[in-house]
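A.B. asks: pasting the sequence and the predicted model now:
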Amino acid sequence: MELYGSLEGLKPRQKKQLSRLYRQHCLPEEVISPGLARQLSLLSADTGRALGLLLNRHGRIEMVIVGDPQAITIPSLHRYRLGRGRLRGLRCIRTSLTGGGLNREDLTDLTVLRLDLMAVIRLDRVGLPAAVEIAHLKPGGSEVEKLPARPPDNIGLHCLELFHALESGTAAGFTHATADRERQRAIIISVGPSPVRVLEDSVAEMAELARAAEISVVDSFTQQRRLDPQTAIGSGKLKEIVIASLDRDVDLLIFDHDLSPTQVKHLARATDLKVIDRTLLILDIFARRARSREGRLKVELAQLKYRLPRISDKTTALSRLTGGIGSRGPGETTLEIDRRRIRERISKLEKRLKKTARSRAVTRQRRKRNQLPQVSIVGYTNAGKSTLLNTLTASRVFTENLPFATLDPTSRRLRLPKEREIIITDTVGFIRRLPADLLDAFRTTLEELSEADLLLHVVDSSRDPEYQIATVNQLLAELELDEIPTLLVANKIDLVDDETRRWLEKRYRAVTISANRPESLGPLLKAVGRSLGFNPGP
């Protein structure tokens, strides 16, 4: 049987004796039998190491762990899955050579791993068990109760009754707290070498994205460090997050950066929670908001491109029976079949979108023949672009105070003063670190901006306008659209003070408006006319 932990320096005799522990077992209701406690203590004294056992609820030993003289390290328990309001189904018993009892690390392991209980056997001078200290979680899973130290032959605790009571209390509390809850509850995590203020701003933006995805954010964590290749975040901070997730009844962890498949796997194993990254959250929002057939195809294409390198070889979602010539012998694995089918679907979607792009090009040619100037509204997401279009053209495009409330481009005719007409188009909003797959999928739509005679760059004056301007300008440069004349429009001016308004007008020559107040749009219409070479009059 396999031994876990630090085996270096152990004699073959000691390894054999430790392996024989797997033959032992306890009664299901016992914490540990006196005989097993004695045997474990003597082996610990003989090896000079702290030893640990993980026992299941049948009293059988699942793991024998060898530590150093001070402590043990519990291996990954991902095979032992958790359920709602349930404990792990494993109890941990370890020895203490120094005579100390339960320490902070023991209690952290108990809470983070949601063990049935944690017990420490204190050894006397000759290596025999002197007393056993026990701790277990209270119903709810975030607080710990310690029991008085007792001799190993008179612990007086019925384990199965305790575990049943704990899980019944936790399940009742969970049902009471979540019976009327429909939204997922999440913790947002931002990690990176950036200054703390930048990380906090990222968390705030992610909270808005989560709100758009109908997710309730109950807590957030930031850590200023390089991303760990295994878990993205430091082990100490990860333990804090797990404890907070248990305390706040969290379903989901959202990271404000892209995670590798390895990081997602390790985080899911360490937390027993669903883990998503920034890109997956934005893809989910786009999938919710896409209304047109073209928009849905583009979102599906982006999702497939995101999913392709992350397919697990254990998935059976796309599997189906195959047979006939060419399928005999080793054949294709399920993983290879899934990847091939995704590539085929990607190819079909790209062909359909090319046809749609050609149709859109024909529409643009018709507009050119009508000789109507093209004006496109661009800007950071939730800056008020669709609201501005509705107010200018008396349209009813869907608007909401959420990121990416509208995705599909919408064009309307707008009459300027002096009976001049233009075509004004609303486009998808931009955001910091827009996922590359989404940018590629929506590139054909964004390329319509290249036909524009003027860009209206709408900025939310109340939310860090400098940052929005820099982000949008960077994306316009990436799309090679930075040469098109641009008029900066500072929206939501009613939410800022006069000093900010004057600074925007002086620094960026912005036209200041409030998109939901038609009386404030007169200067904008005149500025558009001047930019297009019209003479809108006084």
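C.D. replies: Perfect, I can see it now.
A.B. asks: OK, contacts around the residue nearest the centre of the chain?
C.D. replies: Against the mean C-alpha coordinate of the chain, by C-alpha atoms, centre = their mean, the closest residue is Ile254 at 2.3 Å. Contacts of Ile254 were listed using C-beta atoms under 8 Å, 6 or more residues apart in numbering, and they are 186-189, 206, 210, 215, 217, 276-278, 281. Heads up, the C-betas are built off the backbone N, CA and C, glycines and all.
A.B. asks: so Ser76 is in contact with Arg269, correct?
C.D. replies: Yes - counting by C-beta atoms under 8 Å, Ser76 touches Arg269, with 5.8 Å between them.
A.B. asks: more crowded one of the two?
C.D. replies: Arg269 (14 against 11; other C-beta atoms under 10 Å).
A.B. asks: check contacts around that one.
C.D. replies: So Arg269 contacts 76, 78 (C-beta under 8 Å, 6+ apart).
A.B. asks: equivalent analysis for Gly101, please.
C.D. replies: 120, 122, 133, 149.
A.B. asks: surely Val203 and Ala186 touch.
C.D. replies: No - using C-beta under 8 Å, Val203 makes no contact with Ala186, being 11.6 Å away.
A.B. asks: of those two, which one has the most company?
C.D. replies: Ala186 (27 against 18).
A.B. asks: and Arg86, how far from Ser216?
C.D. replies: 23 Å (C-beta to C-beta, to the nearest Å).
A.B. asks: likewise for Arg310?
C.D. replies: 26 Å.
A.B. asks: which one of the two is surrounded by more residues?
C.D. replies: Ser216 (16 against 12).
A.B. asks: tell me what that one is bridged to.
C.D. replies: Arg185 (DSSP bridges).
A.B. asks: mind listing what it touches?
C.D. replies: So Ser216 contacts 183-186, 210 (C-beta under 8 Å, 6+ apart).
A.B. asks: surely Lys15 touches Leu3?
C.D. replies: Yes - assessed by C-beta under 8 Å, Lys15 is found in contact with Leu3 at 6.5 Å.
A.B. asks: is it correct that Gly384 is in contact with Asp460?
C.D. replies: Yes - counting by C-beta under 8 Å, Gly384 sits close enough to Asp460 to count as a contact (6.5 Å).
A.B. asks: these two: who's more crowded?
C.D. replies: More crowded of Gly384 and Asp460, by other C-beta under 10 Å: Gly384, with 26 against 19.
A.B. asks: need the helix or strand of the chain with the lowest average pLDDT.
C.D. replies: helix 443-446 (a mean of 64; mean pLDDT, DSSP states H and E).
A.B. asks: could you point out which element follows that one?
C.D. replies: Sequence order places strand 454-460 as the next helix or strand after helix 443-446, per DSSP states H and E.
A.B. asks: what's next to that next one, contact-wise?
C.D. replies: 373-380, 382-385, 388, 424, 449, 465, 468-469, 472, 476, 481, 484-492, 504, 510, 515, 528, 531-532.
A.B. asks: which helix is the longest one in the protein?
C.D. replies: helix 334-370 (DSSP state H).
A.B. asks: any buried residues in that helix, and which?
C.D. replies: Judged by neighbour count using 16 or more other C-beta atoms under 10 Å, the buried positions of helix 334-370 are 334, 338-339, 342, 349, 353, 356.
A.B. asks: quick check, nearest of those to Leu524?
C.D. replies: Thr356 (31.9 Å; C-beta to C-beta).
A.B. asks: so for the closest one, what pLDDT did the model give?
C.D. replies: Note for Thr356: predicted pLDDT of 79.
A.B. asks: how much space separates it from Leu304?
C.D. replies: For Thr356 relative to Leu304 (C-beta to C-beta), the value is 17 Å.
A.B. asks: about what we covered before: any chance of CSV for the buried residues of helix 334-370, columns distance to Ser520?
C.D. replies: Shown next, in CSV, are the buried residues of helix 334-370 (distance: C-beta to C-beta, whole Å):
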residue, distance to Ser520
Thr334, 60
Asp338, 54
Arg339, 54
Ile342, 49
Leu349, 42
Leu353, 38
Thr356, 37
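A.B. asks: closest one of those residues to Pro417?
C.D. replies: Thr356 (35.8 Å).
A.B. asks: isn't the closest one up against Glu294?
C.D. replies: Yes - the pair Thr356 / Glu294 is scored as a contact, 5.0 Å apart, by C-beta under 8 Å.
A.B. asks: wait, a strand at Leu280?
C.D. replies: No - the assignment for Leu280, made by DSSP: H, G, I helix; E, B strand; the rest coil, is helix rather than a strand.
A.B. asks: which residue is the nearest non-sequential neighbour of it?
C.D. replies: Nearest residue to Leu280, sequence neighbours excluded (C-beta to C-beta, 6 or more residues apart in numbering): Tyr306, at 6.9 Å.
A.B. asks: so how far is Thr279 from that neighbour?
C.D. replies: 6 Å.
A.B. asks: equivalent analysis for Glu344, please.
C.D. replies: Glu344 is 23 Å from Thr279, by C-beta to C-beta.
A.B. asks: can you measure across stretch 47-61, start residue to end residue?
C.D. replies: 20 Å (C-alpha to C-alpha, to the nearest Å).
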